[in-house]
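Asker: Below: sequence and its predicted model.
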Amino acid sequence: MAGRIRREDVQAVRERAHIEDVVGEHVTLKSAGVGSMKGLCPFHDEHSPSFHVRPQVGLWHCFGCGEGGDAISFVQKIDGLPFSDAVEYLAGRVGLQLRYEEGGAPRPGDEPGRRQRLLEAHRVAATYFAEQLATPGGATARAFLSERGFDRGAAEQFGVGYAPQGWDSLLRHLRGRAFTEAELVATGLLSQKAGGGVYDRFRGRLVWPIREVTGDTVGFGARKLFDDDQGPKYLNTPETALYKKSQVLYGIDLAKREIARAKQVVVVEGYTDVMAMHLSGVGTAVATCGTAFGPDHARIVRRLVGDAGASGGVQLASGASVGGEIIFTFDGDAAGQKAALRAFGEDQSFSSQTFVAVERSGMDPCELRQAQGPDAVRALVAGRTPLFEFVIRSTLAAYDLATAEGRVGALRAAAPVVAGIRDTALRPEYTRLLAGWLGMDQTSVRGAVSGAGRTAGPRRPDDGGSGRRNDSGPGDPRRPGLGGAAPRPLDRMPLPDARDPVARTERTALEVVLQLPALVPTEFDDLGDDAFSAPAYRAVHEAIRAAGGLQGAREELAAAGDRGSAAWVARVHEEAASPVAGLVTELAVAPLPEDRADVLPDYVRGVVLAILEIGFTRHIADLRGRLQRMDGLADPGGYQALFTELIALENRRRTLRDSA
């Protein structure tokens with residue numbers, strides 16, 4: 001097992017991976033005032049930008065959906081990666097060699113830097129194959145694509161290339177790029193001869209790059225073009241340190257954003273089917289690579305679609321699905337039915353509704369696009385059938401329901417399928433439907449389903465399809481976006497009414513202290529623990545005080561230079577309780593009402609002094625109430641002391657107003 005990434009290296013990744021560059025690859029960011037940028041949120045549909053990034057603190061927050069965090073959490077969410085994988089990806093981007101606790105390594109068996117070398121070899125190979133497609137030798141490959149309705153633009157979009165027929169074309173090319181033979185064998189791009197020596201694994205074939213969700217090429221799939229090729233019709237990269245066929249999905253790098261937005265995944269069976277789907281407007285299509293859809297594929301999909309919890313698997317009258325949907329495309333033949341049964345087994349991994357889209361005449365999506373056009377491909381997806389219904393009806397089709405024996409046999413075969421439905425609310429409904437399809441009374445069918453459930457053995461505990469496990473890595477669970485998953489909105493302290501002018505002032509004061517501590521007047525540290533009336537803002541103020549207040553902020557600014565603002569916010573995060581940690585991120589990213597650099601110092605001072613004045617006013621009102629309730633004759637000394645304190649406080653408030 002790989003060790004945990006050292007905490008200091010995780011922090012170094014946060015410092016070196018500029019949030020505006022990481023986010024900017026997915027979101028078009030525009031200036032939103034001094035030190036702030038904004039764009040359309042990639043995690044929910046919106047027409048007006050509410051997604052804000054503040055580079056100097058290294059954080060992002062969407063004021064529409066409430067998501068927020070740092071560069072690591074952004075990569076986790078946008079690419080569906082666990083914490084450690086996101087850190088390793090960003091470390092590779094910034095050229096940082098990670099260290100692991102207890103002697104662990106990034107991947108079992110990998111040497112330091114080896115993974116990046118293998119990824120670079122794949123990148124060079126993918127470019128080489130793409131260039132070869134345009135050469136005279138690639139004519140047969142171009143014809144293959146053209147016959148299936150794919151032009152040059154489609155080939156470029158999907159990175160399709162051509163592997164020349166020679167035995168060492170790629171080998172010579174990669175050697176010229178200073179890759180060693182040992183590295184090239186480790187990539188799977190070369191094969192070894194029985195008597196020694198190496199040669200190109202892919203020769204005379206159309207080649208598709210297979211990429212991870214991050215966009216890194218980790219393998220290739222190749223289709224035979226020539227009759228004298230004695231190899232299989234499709235040949236993939238063998239299992240390597242990078243390429244595990246059970247853990248990759250072709251097209252996931254192109255589909256990930258649309259999957260996250262639409263909460264939909266369409267699983268097809270081939271590379272050209274993925275191309276046909278995307279070119280027809282179904283941008284959520286992916287394909288397995290030479291293997292059946294399995295548990296590891298389900299984990300990838302689940303991270304991108306998300307966990308819908310108890311609402312998952314609900315289909316509305318409009319046809320839309322609450323919590324997302326997984327759509328499998330299969331042929332209508334026996335092989336397709338067998339694949340559907342396998343998918344039914346994986347349905348337990350999802351909280352989303354699962355469907356089957358079957359083209360009854362037997363055409364795959366690529367053939368359907370050629371024969372009937374993009375509209376027919378989109379109609380195929382729109383006409384999907386719930387997976388449970390498809391599996392049950394496919395089971396019944398093997399029996400003669402016109403006979404009593406056939407109906408009983410069909411019931412015995414279908415009852416375990418219905419009993420295996422995860423959703424306890426759907427199971428009775430499909431029991432009723434099964435009775436109708438069989439033409440049998442519901443009591444008998446219900447008894448058969450109940451009996452099948454008792455004899456089927458222990459079922460996996462229903463976790464709502466979330467498949468939760470601890471992928472957060474070495475992050476502090478108190479720090480959403482800074483090493484762990486952000487808390488759900490229900491975990492956050494309630495915020496005060498935004499229309500309350502006092503609450504607005506309190507919020508703005510916290511924003512400037514987190515974002516512009518160098519401009520905040522020293523009077524801020526004089527605020528007591530009751531200076532903020534809203535409980536959520538009082539909790540943030542407590543975290544700021546625990547982090548050292550302005551003195552702590554200035555220590556970070558002096559020690560960390562340009563990264564001082566980010567270090568200061570991180571310091572406050574360290575002290576923040578879990579329910580308010582997300583609010584710290586939000587306040588550190590929020591756009592300020594004033595964005596003119598020349599007046600910012602006066603603005604910041606005015607905001608903080610306003611908080612002081614509110615505190616003085618609150619204290620003065622308290623003192624006046626106490627004086628009114630006090631008997632001056634019974635306790636003249638106490639009355640005089642309280643009156644003197646009131647006069648002094650009113651004078652301080654007057655001086656404060658004059659200075660403001």
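Answerer: Sure, I can see it.
Asker: Could you look up the SS state of Thr291?
Answerer: Of the three states, Thr291 takes coil under DSSP: H, G, I helix; E, B strand; the rest coil.
Asker: what about Tyr199, which helix or strand?
Answerer: strand 198-200 (DSSP states H and E).
Asker: neighbouring contacts of the next helix or strand after that strand?
Answerer: Per DSSP H and E, the first helix or strand lying C-terminal to strand 198-200 is strand 205-211. Defining contact as Cβ atoms under 8 Å, 6 or more residues apart in numbering, one finds that strand 205-211 is touched by 122, 126, 129, 141, 144-145, 158-163, 217-225, 229, 235-237, 243, 248, 250, 252-253, 271, 289. Every C-beta, even on glycine, is put in place using the N, C-alpha and C of the backbone.
Asker: Which of those residues fall within strands?
Answerer: Applying DSSP state E to the contacts of strand 205-211, the entries found in strands are 161-163, 217-224, 235-236.
Asker: any chance of those in JSON lines, plus pLDDT?
Answerer: JSON lines is the format used below for the ones in strands among the contacts of strand 205-211 (pLDDT from 0 to 100):
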{"residue": "Gly161", "pLDDT": "97"}
{"residue": "Tyr162", "pLDDT": "98"}
{"residue": "Ala163", "pLDDT": "97"}
{"residue": "Thr217", "pLDDT": "95"}
{"residue": "Val218", "pLDDT": "94"}
{"residue": "Gly219", "pLDDT": "96"}
{"residue": "Phe220", "pLDDT": "97"}
{"residue": "Gly221", "pLDDT": "96"}
{"residue": "Ala222", "pLDDT": "96"}
{"residue": "Arg223", "pLDDT": "96"}
{"residue": "Lys224", "pLDDT": "95"}
{"residue": "Leu235", "pLDDT": "94"}
{"residue": "Asn236", "pLDDT": "94"}
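Asker: in the top helix by length along the chain, what counts as buried?
Answerer: For the chain, the longest helix by residue count, based on DSSP state H, is helix 600-629. Using 16 or more other Cβ atoms under 10 Å as the test for burial, helix 600-629 gives 600, 603-605, 607-616, 619-620, 623.
Asker: Ok, stretch 386-402 next?
Answerer: Result for stretch 386-402 [16+ other Cβ under 10 Å]: buried residues 386-388, 390-392, 394-396, 399, 401.
Asker: Could you pull up the contacting residues of the closest residue to Phe51 other than its chain neighbours?
Answerer: Spatial nearest neighbour of Phe51, chain neighbours left out: Cys41 (4.0 Å); criterion: Cβ to Cβ, 6 or more residues apart in numbering. Counting by Cβ under 8 Å, 6+ apart, Cys41 makes contact with 27, 49-51, 62, 64-65, 67.
Asker: The same query, at a cut-off of 7 Å, please.
Answerer: 50-51, 62, 64-65 (Cβ atoms under 7 Å, 6 or more residues apart in numbering).
Asker: And it, how far from Arg54?
Answerer: For Cys41, the distance to Arg54 equals 15 Å [Cβ to Cβ, to the nearest Å].
Asker: same check, this time on Glu88
Answerer: Noted for Glu88: a distance of 25 Å to Arg54, by Cβ to Cβ.
Asker: repeat for Leu557
Answerer: For Leu557, the distance to Arg54 - Cβ to Cβ - is 16 Å.
Asker: Comparing the two, which shows the higher neighbour count?
Answerer: When Leu557 and Arg54 are compared for neighbours, Arg54 comes out ahead with 27 against 17, by other Cβ atoms under 10 Å.
Asker: contacting residues for the nearest residue to the more buried one once chain neighbours are set aside?
Answerer: With sequence-adjacent residues excluded and distances taken as Cβ to Cβ, 6+ apart, Arg54 is closest to Val589, at 4.6 Å. The contact partners of Val589, by Cβ under 7 Å, 6+ apart, come to 52-54, 59-61, 68.
Asker: List buried residues within those.
Answerer: Looks like those have 52-54, 59-61, 68 buried, using 16+ other Cβ under 10 Å.
Asker: Counting neighbours, which bits of the strand holding Tyr199 end up buried?
Answerer: 198, 200.
Asker: what mean pLDDT does the longest helix of the chain have?
Answerer: Mean pLDDT, taken over the full extent of helix 600-629, equals 80.
Asker: likewise stretch 169-180?
Answerer: 94.
Asker: Quick one: end-to-end length of it, please.
Answerer: 15 Å (Cα to Cα, to the nearest Å).
Asker: ok, and for it, which residues are buried?
Answerer: Going by neighbour count (16+ other Cβ under 10 Å), the buried part of stretch 169-180 is 169-171, 173-174, 179.
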